[in-house]
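**Q** Structure here, sequence nowhere to be found:
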């Protein structure tokens, strides 16, 4: 049993993190008892689990994830959706409407057209076939107003914060609506255009500084300054 | 009229490649690397990038992906495809090089790809593609190894899961002696060149080429020397990857402290 890093130390791929019967968290791999990092990130040891928080990552869909997608193609019975991932998602007409529609009579373009942003949930994905989406659930559907910002998916947990603390801070202080997609796309809306712009700026700031400790304090101070300025 | 034209500079073979004191053409000792500098995240549009200077070599590496692969029939069902392009810009050498990929560049692209593939967890991203571009801006011997060094840093910067970084260096034989990190003149007029790439933490060799004639003892000595050079390069790679984060951290903390 030995640990070769200090808590939240920056590590690189191939760096030996520990020797012994530790549990493997994310972004680590083992050869026998040796545990190595597989990405550039911050190493952590919590309850005997060794974890590396990646600084950058790629979004890989997982069933149940809430994502924000962009329609890139409309077919006869389905849409193709870009979900900021190497895998293009499919939204079947049957997963879009509660009442079935007659595709021989109407075009799907009436509902979602190319370029539209949608909030959707991942139904199924196993890397052998393209992910399937659904918009039947509550809160899903086309985005008609507001702004969509894109951040790296590795920063999404920071934007949400512990038990949603960061996101509710932004929502309450600025009076904006925010939906964070697991794929790193974030929808922001407020009647007040200025509040919307500030929220976007703060989200971009969280993306830049996500992995530097004291983030919540810095964001709190930013929000205070914005309020003073009003 | 001709006198106004600048003649093309040609490097000629110096009378001695190693002098009596054991110094090489550029003043280095046989086991000495050229000065090396690595910078991470130099390109805004790429997912990951790196710039390497090794002596007079100047190389940029860019990584895009993993992304959807087109045309789709080229996709592999169980892992990502690593597409690698090694290329020298026309002004990278003294006499203009045609910008079209030459036989040599196509072969080096393949060799570099095979040197990097063992380090990557390509199986995490089936049916996708990772693009890797290596552009040599200025060449002075050992560009394939410096290219591998740059590429592995760019891949790590892109956040692609890796077993280990890959560091590479050439060793060779010059006037009967085994030397580290050949420069262009030593490569051209020496007796042999042996590029080596390794995963330093795992102690595994991913690329080993050689031209020239070596005795078994010389091979052993050359590999030992290469490993020594690789460990030094690896430290610079590691430092460069960490530096990007540490600098941002310092900047953010200073800004916060000022207010």
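**A** Perfect, I can see it now. Computed from a prediction, not measured in an experiment: that's the story for all the values here. Numbers count the residues shown, from 1 in each chain, chains lettered A, B, ... in the order given.
**Q** For the chain, just list every one of the helices.
**A** You didn't pick a chain, so chain A it is. Assigned by DSSP state H, the helices in chain A fall at A:156-160, A:165-174, A:193-209, A:215-229.
**Q** Not quite, go with chain B.
**A** Under DSSP H, chain B gives helices at B:103-116, B:143-157, B:184-189, B:216-258.
**Q** The residue lying closest to residue A:190 once chain neighbours are set aside: what's it in contact with?
**A** Excluding the flanking residues, the one nearest residue A:190 by CB to CB, 6 or more residues apart in numbering or on different chains is residue A:176, at 4.1 Å. Heads up, the C-betas are built off the backbone N, CA and C, glycines and all. Applying CB atoms under 8 Å, 6 or more residues apart in numbering or on different chains, we find residue A:176 in contact with A:170, A:188-190, A:195-196, A:199.
**Q** returning to what we had before: rank the helices of chain A by pLDDT, which is bottom?
**A** Comparing mean pLDDT across the helices of chain A, the lowest value falls on helix A:215-229: a mean of 88.
**Q** Buried residues of it, list them for me.
**A** A:215, A:218-219, A:222-223, A:226 (16 or more other CB atoms under 10 Å in any protein chain shown).
**Q** okay if I get the helices of chain A as CSV plus distance to residue A:37?
**A** Shown next, in CSV, are those (distance: least, CB to CB, whole Å):
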stretch, distance to residue A:37
helix A:156-160, 18
helix A:165-174, 26
helix A:193-209, 22
helix A:215-229, 22
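**Q** Same list, those, but as TSV with distance to chain B please.
**A** Shown next, in TSV, are the helices of chain A (distance: least, CB to the nearest CB, whole Å):
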stretch	distance to chain B
helix A:156-160	13
helix A:165-174	16
helix A:193-209	5
helix A:215-229	6
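**Q** residues near residue 75, how many?
**A** Just so you know, I chose chain A. Residues within reach of residue A:75, counting by other CB atoms under 10 Å in any protein chain shown, total 13.
**Q** oops, I was thinking of chain B
**A** The local packing of residue B:75 (other CB under 10 Å) involves 16 other residues.
**Q** shouldn't it be in contact with residue B:127?
**A** Yes. Assessed by CB atoms under 8 Å, residue B:75 is found in contact with residue B:127 at 4.4 Å.
**Q** for chain A, what are the nearby residues on the stretch 1-150 of chain B?
**A** B:47-48, B:65-68, B:77, B:119, B:121, B:124-128 (CB under 8 Å from any CB of the partner chain).
**Q** Give me the buried entries from the residues you listed.
**A** By 16+ other CB under 10 Å, those give B:47-48, B:65-68, B:119, B:121, B:124-128 as buried.
**Q** Any stretches of chain A with poor pLDDT?
**A** For chain A, the stretches with pLDDT under 70 are A:230.
**Q** care to break it down by domain?
**A** A:2-54, A:66-142, A:147-228 (automatic domain parsing).
**Q** ok, back up a step: tell me the two of the residues of the stretch 1-150 of chain B next to chain A that are most distant?
**A** Spatial extent of these (CB to CB) is set by the pair B:48 and B:77 at 25.4 Å.
**Q** sorry, back to before: show me whatever sits in contact with both of residue B:75 and residue B:127.
**A** Between them, residue B:75 and residue B:127 share these contacting residues under CB under 8 Å, 6+ apart: residue B:69.
**Q** that older thread, the residues of the stretch 1-150 of chain B next to chain A into TSV, with extra columns for pLDDT?
**A** Converted to TSV, those look like this (pLDDT from 0 to 100):
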residue	pLDDT
B:47	97
B:48	98
B:65	90
B:66	96
B:67	95
B:68	93
B:77	93
B:119	98
B:121	98
B:124	96
B:125	96
B:126	96
B:127	95
B:128	96
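**Q** ok, those residues vs residue B:170, which is closest?
**A** For the residues of the stretch 1-150 of chain B next to chain A, the closest approach to residue B:170 (CB to CB) belongs to residue B:119, at 19.0 Å.
**Q** Can you give the distance of stretch B:213-224 from its chain's centre?
**A** Put simply, stretch B:213-224 sits 22 Å off its chain's centre (CA atoms, centre = their mean, to the nearest Å).
**Q** Ok, stretch A:113-131 next?
**A** 14 Å.
**Q** buried ones in that stretch?
**A** Here stretch A:113-131 shows A:116-123, A:125, A:127, A:130-131 as buried, counting by 16+ other CB under 10 Å.
**Q** mind listing what the residue nearest the centre of chain B touches?
**A** Residue closest to the mean C-alpha point of chain B, counted by CA atoms, centre = their mean, is residue B:146 at 1.8 Å. Residues near residue B:146 by CB under 8 Å, 6+ apart: B:52, B:54, B:57, B:59, B:168.
**Q** In TSV: those residues, plus pLDDT and neighbour count.
**A** Shown next, in TSV, are these (pLDDT from 0 to 100; neighbours: other CB atoms under 10 Å in any protein chain shown):
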residue	pLDDT	neighbour count
B:52	98	27
B:54	97	27
B:57	97	25
B:59	98	27
B:168	98	29
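**Q** So which of these is the closest to chain A?
**A** Using CB to the nearest CB, residue B:168 comes nearest to chain A of the contacts of residue B:146, at 14.5 Å.
**Q** OK, contacts around that closest one?
**A** Contacts for residue B:168 were tallied using CB under 8 Å, 6+ apart; they are B:115, B:144-146, B:148-149, B:195-198, B:207, B:230, B:233.
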